[in-house]
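no sequence on hand, only this structure:
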């Protein structure tokens, strides 16, 4: 599924100060893109714009043939549920749920959700943690559960925000491999300032190069 | 994962906070339910008060106590007054006093004696005369559903409820316990035969048994009583007075002023004007009942606010998690469903806890209040009376969810996820 960004401008809601203005950019279906840049420049905001969690002040975001600005909140939610897999910067697992239940969150309405979630955990070597609450797991284990949530949903677009942040070499490799080796070859956009990831992507974009004056 | 399952997991996995919320709401429901039941029991006095003319004469104990003792069978064994006073008034004869004063109470239409003399389990047995059946006011009259009046010694007529509850019929024999206010007089049980059953009246008379005055007098011929009473066994507890003839004569309150003057100043007895005492009782208990109702409402409001505050705090802590769910594609309706399910489940569980506490605690609270309320043997109270409280609590618990719900609808997912 293509993701097209058209002359986006984002202003801070309180001060109306311009946060960034981007050149048009198209991410072709099946492409794996790493967007790098220093902290605080707007990488997470860009990812949220692609997911329709936030609408641009000016410009547009197309996902497939749909302009996100023209979709209702509910329709954007439906689009995310059906097509997106998202790994958040701070993992954002529900701590009172088990690993399996957290993975099943992305499978609402799916038949055999439990089987799919169990399979996704197995693919990441996490099946033995299925019944454990995520609050009891290490950062690396939590990160892999967040990725398993994406894996289980078999999305068309994967958006990952700093997925290897705070992980050691082994865990970082496991997590990024899982994201990049997903079946059905989805479009993958990873934003990160982790330089270990550069070699894993064919297309690496510096966020500053996207920004226009 | 469905909204219902999310609600169940959030409640079950946060055991401590869910438990505290459950207990606090449950306690509010129990308190409000108990107060409501007390209010209902207190109110029931007026609907079950027996009809007994315009005035009551009895031993000097105060108007309300006499009213409840005579027309609601409440309290301990009442004081006694000489039977001769009743006989003189009934005969319309001139009453002569030791100081030479005379009074001719020709304004009285009917005088009906009441003398408690035994108990059949929790029911009182009252001695009276045939005037009790046929009253000047037709709607006050007691109709026999079957059988005849207990005119002979050893006979008794049952109130409708006594016959129904105890499955008694005319011709049955019952054993009653002597009851004449003497704590230890070597009392004994004796047998009475059912000669008739009254039609239901919807009043306390349905819960009593009736016999003739001679039978009642017999119960007072015990050494313990005779040694204490200067009138020996020739006593009555009360007599009910109909003053309609006085009304016809144009006397104020049918001549109650004259009767009061006669009884209150010159005898050991006291006469009360029934409508005045009912009004006083309503004023007295009305204040308490209104206060009780106010307290019930306050407790419910406080309980509701506690739930609302708990729900707000609970979902405030979940704001990032709600944002995650929305980012994963959960619509507002699905999350609203979660919140509403959580409120409803908490409400149902709290109602069960509250009803249980209400059921267990009400008898003790009622016993603590003692004679401020009609006795439990006379006015029963069902746990179902508290049902309106459960309904209000359920509504309050679900309404409390609307505050976090409103916040959900204005939530900025992007900012919540970024922790802004």
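Yep, that arrived. Everything numeric in this text was worked out from a predicted model, so none of it was measured.

give me the residues contacting the longest helix seen in chain A.
Longest helix in chain A by number of residues (criterion: DSSP state H): helix A:139-153. Contacts with helix A:139-153, where a contact means Cβ atoms under 8 Å, 6 or more residues apart in numbering or on different chains, come from A:85-88, A:91-93, A:99, A:102-107, A:116-117, A:119-121, A:123-126, A:129, A:134, A:137, A:158, A:160, A:163-164, A:166-168, A:171, A:174-175, A:178-179, A:182, B:328. All C-beta spots, glycine's among them, are computed from the backbone N, C-alpha and C.

number of nearby residues for residue 31?
Chain wasn't specified; assuming chain A. 17 (other Cβ atoms under 10 Å in any protein chain shown).

chain B, not that one
23.

gap between it and chain A?
Here residue B:31 is placed at a distance of 31 Å from chain A (Cβ to the nearest Cβ, to the nearest Å).

and the residue nearest to that residue when sequence neighbours are not counted, which of the three is it?
Sequence neighbours aside, residue B:299 is the residue nearest to residue B:31 in space, at 4.9 Å (criterion: Cβ to Cβ, 6 or more residues apart in numbering or on different chains). Three-state call for residue B:299 (DSSP: H, G, I helix; E, B strand; the rest coil): helix.

please report how far the residue nearest the centre of chain A lies from chain B.
The centre of chain A sits closest to residue A:159, judged by Cα atoms, centre = their mean, with a distance of 2.2 Å. Distance of residue A:159 to chain B, computed by Cβ to the nearest Cβ: 10 Å.

so that residue, which state does it fall into?
Quick answer, by three-state DSSP: residue A:159 is strand.

ok, now the one 4 residues further on?
Put simply, residue A:163 is coil when judged by three-state DSSP.

neighbours of it, just the number please.
27.

residue numbers of chain A in contact with chain B?
With Cβ under 8 Å from any Cβ of the partner chain as the criterion, chain A meets chain B at residues A:44-45, A:48, A:51, A:53-54, A:73-74, A:77-82, A:84, A:86, A:88-90, A:92-94, A:96-97, A:101, A:104-108, A:113, A:133, A:149.

mind checking which of those residues are buried?
Buried by 16 or more other Cβ atoms under 10 Å in any protein chain shown: A:44-45, A:48, A:51, A:53-54, A:77, A:79-81, A:84, A:86, A:88-89, A:92-94, A:96-97, A:101, A:104-108, A:113, A:133, A:149, out of these.

please report phi then psi for the residue in chain B positioned nearest to chain A.
For chain B and chain A, the shortest gap (Cβ to the nearest Cβ) falls at residue B:329, measuring 2.5 Å. In terms of degrees, to the nearest 10, the main-chain angles of residue B:329 are phi 110, psi 10.

got a list of what it touches?
Residues near residue B:329 by Cβ under 8 Å, 6+ apart: A:77-82, A:84, A:106, A:108.

give me the pLDDT value at it.
What the model reports as pLDDT for residue B:329 is 86.

the residue nearest to residue B:31 contacts residue B:34, doesn't it?
No - look at residue B:299 against residue B:34 with Cβ atoms under 8 Å: they stay out of range, at 9.7 Å.

quick check: longest strand of chain A.
In chain A, with assignment by DSSP state E, the single longest strand is strand A:3-11.

and residue A:174, how many residues sit next to it?
Counted with other Cβ under 10 Å, residues neighbouring residue A:174 total 18.

check which helix or strand covers the closest residue to chain B within chain A.
Among residues of chain A, the one nearest chain B by Cβ to the nearest Cβ turns out to be residue A:81. It sits 2.5 Å away. Assigned by DSSP states H and E, residue A:81 falls within helix A:73-83.

and the next helix or strand past that helix?
Following helix A:73-83 in sequence order, the next helix or strand is strand A:84-87 (DSSP H and E).

contacts for that following strand, please.
With Cβ under 8 Å, 6+ apart, strand A:84-87 has contacts from A:51, A:80, A:106, A:143, A:146-147, A:149-151, A:153, A:155-161, A:163, A:179, A:186, B:327-329.

show me how far that strand is from its chain's centre.
Centroid separation between strand A:84-87 and its chain, computed with Cα atoms, centre = their mean, to the nearest Å, is 4 Å.

what strands line up against it, and which way round?
Strand pairing for strand A:84-87, determined by DSSP bridges: strand A:157-161 (parallel).

pLDDT of the strand it pairs with, averaged?
Averaging pLDDT along strand A:157-161 yields 92.

can you name the residues of the stretch 201-350 of chain B sitting close to chain A?
B:320-321, B:323-334.

can you flag the buried ones in these?
Taking 16+ other Cβ under 10 Å as the criterion, what is buried in those is B:320-321, B:323-332, B:334.

ranges for the helices of the stretch 101-250 of chain B?
Ranges of helices in the stretch 101-250 of chain B, per DSSP state H, counting those that start in this stretch, are B:160-166, B:213-218, B:223-226, B:244-248.

per-domain residue ranges of chain B.
B:3-46+B:287-418, B:113-229 (automatic domain parsing).

end to end, how far does the shortest one reach?
One end of domain B:113-229 to the other measures 18 Å (Cα to Cα, to the nearest Å).

any weak-confidence spans in chain A?
Filtered on pLDDT under 70, chain A yields the residue ranges A:91, A:213.

would you say residue B:6 is within a helix?
Yes - counting by three-state DSSP, residue B:6 is part of a helix.

OK, contacts around residue 105?
All of this refers to chain A. Applying Cβ under 8 Å, 6+ apart, the residues near residue A:105 are A:94, A:97, A:149, B:1, B:325, B:328.

can you look at chain B instead?
Listed by Cβ under 8 Å, 6+ apart, the contact partners of residue B:105 are B:89, B:92, B:95, B:255, B:258-259, B:262.

among those, which one has the lowest pLDDT?
Lowest pLDDT of these: residue B:95, 71.

sketch out the low-pLDDT regions of the stretch 51-200 of chain B for me.
B:97-99, B:183-187.

dump the domains of chain B to a markdown table, plus distance to residue B:105.
Below are the domains of chain B laid out as a markdown table (distance: least, Cβ to Cβ, whole Å):
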| stretch | distance to residue B:105 |
| --- | --- |
| domain B:3-46+B:287-418 | 30 |
| domain B:113-229 | 15 |
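
residue B:29: what's its closest spatial neighbour, skipping adjacent residues?
Leaving aside its sequence neighbours, residue B:29 sits nearest to residue B:354 (Cβ to Cβ, 6+ apart; 2.7 Å).

likewise for residue A:9?
Nearest residue to residue A:9, sequence neighbours excluded (Cβ to Cβ, 6+ apart): residue A:58, at 3.8 Å.

from what I see, the one you found and residue A:8 are in contact.
Yes - using Cβ under 8 Å, residue A:58 makes contact with residue A:8 at a distance of 7.0 Å.

more neighbours, those two?
residue A:8 (23 against 13).

what sits against the more buried one?
Residue A:8 touches A:20-22, A:46, A:49, A:56, A:58-61, counting by Cβ under 8 Å, 6+ apart.

number of residues surrounding residue A:158?
So residue A:158, with other Cβ under 10 Å, has 23 neighbours.

now it: how far from residue A:7?
Distance, residue A:158 to residue A:7, using Cβ to Cβ, to the nearest Å: 25 Å.

coming back round to it: from the contacts of residue B:329, which is closest to residue B:125?
Nearest to residue B:125 among the contacts of residue B:329 is residue A:108, at 71.4 Å by Cβ to Cβ.

spatially nearest residue to the closest one, not counting backbone neighbours?
Closest residue to residue A:108 apart from its sequence neighbours, by Cβ to Cβ, 6+ apart: residue B:1 at 5.8 Å.

three-state assignment of the one you found?
Following three-state DSSP, residue B:1 is assigned to coil.

how about the helix or strand where residue B:44 lies: buried residues?
Assigning secondary structure by DSSP H and E places residue B:44 in helix B:15-48. In terms of neighbour count (16+ other Cβ under 10 Å), helix B:15-48 has its buried residues at B:18, B:21-22, B:24-42, B:44-45, B:48.
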